[in-house]
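# got a predicted model here, sequence first, then my questions.
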Amino acid sequence: MSNPSRILIDGSKFGLDWLKVYWYGALIVVGIVICYLLCSHEAKRRRLHKDCVIDLALWTVPLGAVFARLYYIVFALDVFIRPGMSFGEILLGMINVRDGGLAIYGAIIGGVIGMLIYSRRKRMHFLSITDLVLPSVALAQAIGRWGNFFNQEAYGTVIAEGFPPYFPLAVRIDECHQACCADLPSNLNNIHYATFFYESCWCLVIFLVLWFIVRKRAGHRGDVTMGYLLMYGVERALVEGLRTDSLMWGNVRVSQALSALLAVFALAFLVATFVLDKKRGRVHRPVREVYYGRMAELNAGIDMPREAANAEQPADAGQPTEAEQPADAEQPADAEQPADAEPAPEGENE
């Protein structure tokens, strides 16, 4: 299969040299839109505030974009800082995202920071927010990974003998600049493992499991989040070992090490939750408790799930105490009189 163009819309064909839309950017936008729609559906099911998702997006999307670039820059400084370059050239290179250089883990870190800020401002449990967002993030990742296909990046080493050399399991790379091609007779038109495709498929599986199974059966805040971290962490730790363009920290593949740590953390979190439930004899962090406190949310004008509001409503809420009863409160007409009360003389009450 011949590799398609990186450009989705080329305005030069219509005399618009300034107009170019790349597949990678278009797929990222599609992923963001789908993520927003799914989150809105889930927020409505949970009876969250109607503006919850759009307010959340205003924090997570910009921070996700910034940190996706920062993560890449931090672990690829040799690409941006070379001998003889001026400060201006270095700075322009760092902000020129059109030449590539975004990392999904940076986007997730930025998004998590945005969700943390939002949860604190709205007094919502952080894990309730991540449970809301992460299933759709997995689907967005499955879509966005195809941008690597159009860019001819995020591929693996040259395929081993006996492996099917067919797309999409394998992909032809026009020109390979990675170390895996250094000892080959030619670095042109070699067949590589299509690692972007493997990750796309696995992220789709993660979405299906989280959206149709875990999301509906979760009993704790964080079940969906930890499910995402566990499944994605295991997948990325395996597939990252096949890639040829990993961000490195010395001899360590950064994303592979981080993925393994996240998977171990998620598994430990789920086990600890199970043990704590058994020990206490009740559900720890029930999923219905989205907000910190009812009165704080009422003052902020935020809609709470009905069951959460009822759970936090005191049994005698709304009934004034004896101290709050007005001194001259009217007694019912048929209020019982004391047995020894004497009748008042005629005319005394006139």
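Ah, there it is.
# which residues of the stretch 201-350 of the chain score low on pLDDT?
Counting by pLDDT under 70, the stretch 201-350 of the chain contains low-confidence residues at 293-350.
# confirm that M115 sits in a helix.
Yes: when classified by DSSP: H, G, I helix; E, B strand; the rest coil, M115 is found to be part of a helix.
# these two touch, right, it and W59?
Yes: using C-beta atoms under 8 Å, M115 is in contact with W59, at 7.2 Å. Placement of C-beta: from N, CA and C, glycine included.
# more crowded one of the two?
When M115 and W59 are compared on other C-beta atoms under 10 Å, the one with more neighbours turns out to be M115, at 23 against 19.
# can you count the residues close to D245?
D245 has 16 nearby residues by other C-beta under 10 Å.
# so it, which state does it fall into?
Three-state call for D245 (three-state DSSP): coil.
# which residues does it contact?
Residues touching D245, when contacts are defined by C-beta atoms under 8 Å, 6 or more residues apart in numbering, comprise E153, A154, Y155, Q178.
# out of those, which comes closest to V205?
Of all the contacts of D245, V205 sits closest to A154, with 18.4 Å by C-beta to C-beta.
# confirm the closest one sits in a strand?
No: assignment of A154 by three-state DSSP gives coil, placing it outside any strand.
# out of the contacts of D245, which is most surrounded?
Looking at these with neighbours defined as other C-beta under 10 Å, the largest count falls to Y155 at 27 neighbours.
# which residue is the nearest non-sequential neighbour of that residue?
Distances taken as C-beta to C-beta, 6 or more residues apart in numbering place H192 nearest to Y155, at 4.3 Å, with adjacent residues excluded.
# what residues of the helix or strand hosting that neighbour count as buried?
According to DSSP states H and E, H192 maps onto strand 188-193. In terms of neighbour count (16 or more other C-beta atoms under 10 Å), strand 188-193 has its buried residues at N190, I191, H192, Y193.
# any chance of these in CSV, plus pLDDT and distance to V214?
Supplementary listing: the buried residues of strand 188-193 in CSV, determined by pLDDT from 0 to 100; distance: C-beta to C-beta, whole Å:
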residue, pLDDT, distance to V214
N190, 94, 40
I191, 95, 37
H192, 96, 34
Y193, 96, 30
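# which pair in the residues you listed spans the largest distance?
In the buried residues of strand 188-193, the most distant members under the criterion C-beta to C-beta are N190 and Y193, with 11.1 Å between them.
# hmm, back to that, reformat the contacts of D245 as TSV; add distance to L77 and pLDDT.
Putting the contacts of D245 into TSV (distance: C-beta to C-beta, whole Å; pLDDT from 0 to 100) gives the following:
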residue	distance to L77	pLDDT
E153	19	93
A154	20	94
Y155	23	95
Q178	19	89
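# what is the nearest of the residues you listed to V224?
Nearest to V224, judged by C-beta to C-beta, of the contacts of D245 is A154 at 26.4 Å.
# residue contacts, the nearest residue to that closest one once chain neighbours are set aside?
The shortest distance from A154 to any residue that is not its chain neighbour, by C-beta to C-beta, 6+ apart, is 3.8 Å, and that residue is N148. Neighbour list for N148: Y24, A154, Y155, F196 [criterion: C-beta under 8 Å, 6+ apart].
# need those in a markdown table with distance to V254, can you?
Below are those laid out as a markdown table (distance: C-beta to C-beta, whole Å):
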| residue | distance to V254 |
| --- | --- |
| Y24 | 21 |
| A154 | 15 |
| Y155 | 18 |
| F196 | 18 |
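# specify which member of those is nearest to L91.
For the contacts of N148, the residue nearest L91 by C-beta to C-beta is Y24; the value is 23.0 Å.
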